[in-house]
Every structure is written in C-alpha cells, then in structure tokens.
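Student: any chance you could fold what I've pasted below:
(chains A and B)
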Protein chains: 2
Amino acid sequence: MKAAIEEALKGLSEGGIPIGSVLVHKGEIIGRGHNRRVQKGSVILHGEMDALENAGRLTAATYRECVLYTTLSPCPMCTGAILLYGIPKVVIGENKTFMGAEDLLKANKVELTVENNEECIEMMQTFIQQRPALWNEDIGE
Amino acid sequence: MKAAIEEALKGLSEGGIPIGSVLVHKGEIIGRGHNRRVQKGSVILHGEMDALENAGRLTAATYRECVLYTTLSPCPMCTGAILLYGIPKVVIGENKTFMGAEDLLKANKVELTVENNEECIEMMQTFIQQRPALWNEDIGE
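Tutor: Just a heads-up that it's a prediction; the model follows:
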C-alpha cells in the first residue's frame, strides 16, 4: 500500500487525480500506476488500469497469483478488469470517500481487504474538496 | 456497425485481434477504436476501451446520449467502462463466439441490441481458429 500511495502522490504532483495502484506477484511489484486523466487526457487510465497496463501482457496463470493494491475502492471499470483477468485478491486503501463496485467483486469471490488507511482518506478528501468537477468527471458524474 | 467492422478489419490487417468499436453521439461517430493487444502490447485496449479513449474526455451528459457499437459482446472490463460512464445503449455485432457480461449490462438497465451479424461471427470464428492462444489471453483464459 505504501507503493500505491507513492504512485497516488506522484499523480498529485503532476497535477492529476491522486489515486495509485500496484500489481504484486508473489511479493514482487510487477506493475505500478496512477490515474492519468489530466496528464494524458485519458478516460481509461484509472490507477488500477495504469498498473495493469504497465505490468504488460501476462498469462492467466500469473494473474491468478497476483494481488492488486489500490488507494481507493475500484470503480466499475477497474472492477471489470480485475474480473476479466481473474485477479483473486484486492487490497483497498479506503472506501470512505468513494465506494466502488465492491459488491460485484465479492459476488465473484474476489477476496477484499479494506484498510481505511488515514493517509488515503485524507488525500482523497482534500482532493475532492479542491477539485470537485474533475473528481465527478472521473467517476462519470 | 459498418464502421466498427472497418475498425476490426484494420486491427486484423495490423496483425491484431479483429474487434472494433465506435462511440456515437447523436448520430455522429466521436470515437473509433480496435483491439490493440498485439500492436501496443496493451492489456486494456480492447476495441471498446480504445473507442472510449479516442473519444477523449466527455461530460457525463454527453455519455448519457451516446450509443456504443462493438463487433463482439463486451467483456467484463468493457462492460464496467460502459457502466462507469453511464452509456445507455450498446449495439453488439455478435455474441455467438463469445458471450460477455451482457447480464450485468441488462441488470444495470443498459439497452442492448444483438445483431448476430454474419460478418462479425465469421471474422471472430476464423480468428479464434487461427490464433486460439492469443484469443484466450485477451479474455483472461
């Protein structure tokens, strides 16, 4: 989660939305990413998607041994990507400022750990207060 | 659908997976895309995702007036993106060679039209026969 928070802060320092993610395989980080809506004008590079993209093409067997860490509860798109690739475990920094599609993950037997990490909550609360329109755009509202 | 098929064939001619998509707003194509797993080593650029990405940053109000055309039934990731952005209608070329997360779309009141277009079916059947491993990788199997 420390690495995912580092990614989120990197995004923030670039003028972007502070959400970060890392894909971990057998204890090793194989993909890092952060939201790039502002930086790349991207509507699909949420933190989780960016981490998956940066991990590159993997076998189904590898995905099934991975854990995805994300600073914020995964939206429906990122949830869909997790389900597509059969990632069995997701560690979520917090779901207080935004509740993603956790029910759908649970219904598909993805193991979730929600930390409700104070640093993650504080980071998103501050961001949402400062940039509400940008935040709403990112979640399709 | 003709434009989505053109995109799929473009992907095929590049050595890629022949799935194409277009995003249409009030009768006008505002985003075109095709699967770019092979071309860009991308695990997130399915046809639908590429069309959404190429359409760029849109307001929630615009997405809610859009129709997404795709040559193949949308996988869980693309389904999640459709739900995130609240796209109300999806026209699907075919769902005979692959059934995506259509139940999830329907459960979220997305209007689906399945054409079972012969050209789309033939294109995917031929591709899956020729490149089964690549196809399985694209759907996380």
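Student: and the residue of chain A most remote from its centre, what's its pLDDT?
Tutor: Most distant residue from the mean C-alpha position of chain A: A:Ala61, 21.4 Å away (Cα atoms, centre = their mean). If you check A:Ala61, the pLDDT there is 97.
Student: can you tell me how far it is from chain B?
Tutor: Distance of A:Ala61 to chain B, given as Cβ to the nearest Cβ, to the nearest Å: 10 Å. (C-beta placed from N, C-alpha, C; glycine too.)
Student: hang on, that residue in a helix?
Tutor: Yes: note on A:Ala61: a helix contains this position according to DSSP: H, G, I helix; E, B strand; the rest coil.
Student: against A:Val67, how distant is it?
Tutor: Counting by Cβ to Cβ, to the nearest Å, the separation of A:Ala61 from A:Val67 is 15 Å.
Student: check contacts around the residue farthest from the centre of chain A.
Tutor: Under the criterion of Cβ atoms under 8 Å, 6 or more residues apart in numbering or on different chains, A:Ala61 has no neighbours.
Student: what's the answer for the one 10 residues further on, then?
Tutor: A:Thr71 makes contact with A:1, A:4-5, A:7-8, A:18-21, A:47, A:93-94, A:117, A:120, A:123-124 under the criterion Cβ under 8 Å, 6+ apart.
Student: how about the nearest residue to it, chain neighbours excluded?
Tutor: Ranked by Cβ to Cβ, 6 or more residues apart in numbering or on different chains and with sequence neighbours excluded, the top spatial neighbour of A:Thr71 is A:Gly93, at 3.8 Å.
Student: my guess is that neighbour contacts A:Met1, does it?
Tutor: Yes: counting by Cβ atoms under 8 Å, A:Gly93 touches A:Met1, with 5.9 Å between them.
Student: what residues are shared contacts of the two?
Tutor: Any residue near both A:Gly93 and A:Met1 by Cβ under 8 Å, 6+ apart counts here, and that gives A:69, A:71, A:115, A:117, A:120.
Student: any idea how far A:Leu52 lies from B:Pro132?
Tutor: 23 Å.
Student: sorry, back to before: of A:Gly93 and A:Met1, who's got more company?
Tutor: For A:Gly93 versus A:Met1, the count of surrounding residues by other Cβ atoms under 10 Å in any protein chain shown is larger for A:Gly93: 27 against 18.
Student: show me the contacts for that one.
Tutor: Here A:Gly93 is in contact with A:1, A:4-5, A:69-72, A:115-117, A:119-120 (Cβ under 8 Å, 6+ apart).
Student: now with 6 Å, please.
Tutor: Counting by Cβ atoms under 6 Å, 6 or more residues apart in numbering or on different chains, A:Gly93 makes contact with A:1, A:71, A:115, A:117, A:120.
Student: with pLDDT added, can I get those residues in a markdown table?
Tutor: Output for the contacts of A:Gly93, formatted as a markdown table (pLDDT from 0 to 100):
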| residue | pLDDT |
| --- | --- |
| A:Met1 | 96 |
| A:Thr71 | 98 |
| A:Glu115 | 98 |
| A:Asn117 | 98 |
| A:Cys120 | 98 |
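Student: quick check: nearest residue in space to the residue in chain A that chain B sits nearest to, chain neighbours excluded?
Tutor: Nearest residue of chain A to chain B: A:Gly80, at 2.6 Å (Cβ to the nearest Cβ). Ranked by Cβ to Cβ, 6+ apart and with sequence neighbours excluded, the top spatial neighbour of A:Gly80 is B:Gly80, at 2.6 Å.
Student: just A:Glu137 next, same as before
Tutor: Using Cβ to Cβ, 6+ apart, the nearest residue to A:Glu137 is B:Arg57, at 6.8 Å.
Student: ranges for the strands of chain A?
Tutor: Under the criterion DSSP state E, strands of chain A are mapped to A:20-25, A:28-34, A:66-70, A:89-92, A:111-114.
Student: now distance to chain B too, for these, in JSON lines please.
Tutor: Converted to JSON lines, the strands of chain A look like this (distance: least, Cβ to the nearest Cβ, whole Å):
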{"stretch": "strand A:20-25", "distance to chain B": "11"}
{"stretch": "strand A:28-34", "distance to chain B": "9"}
{"stretch": "strand A:66-70", "distance to chain B": "12"}
{"stretch": "strand A:89-92", "distance to chain B": "14"}
{"stretch": "strand A:111-114", "distance to chain B": "16"}
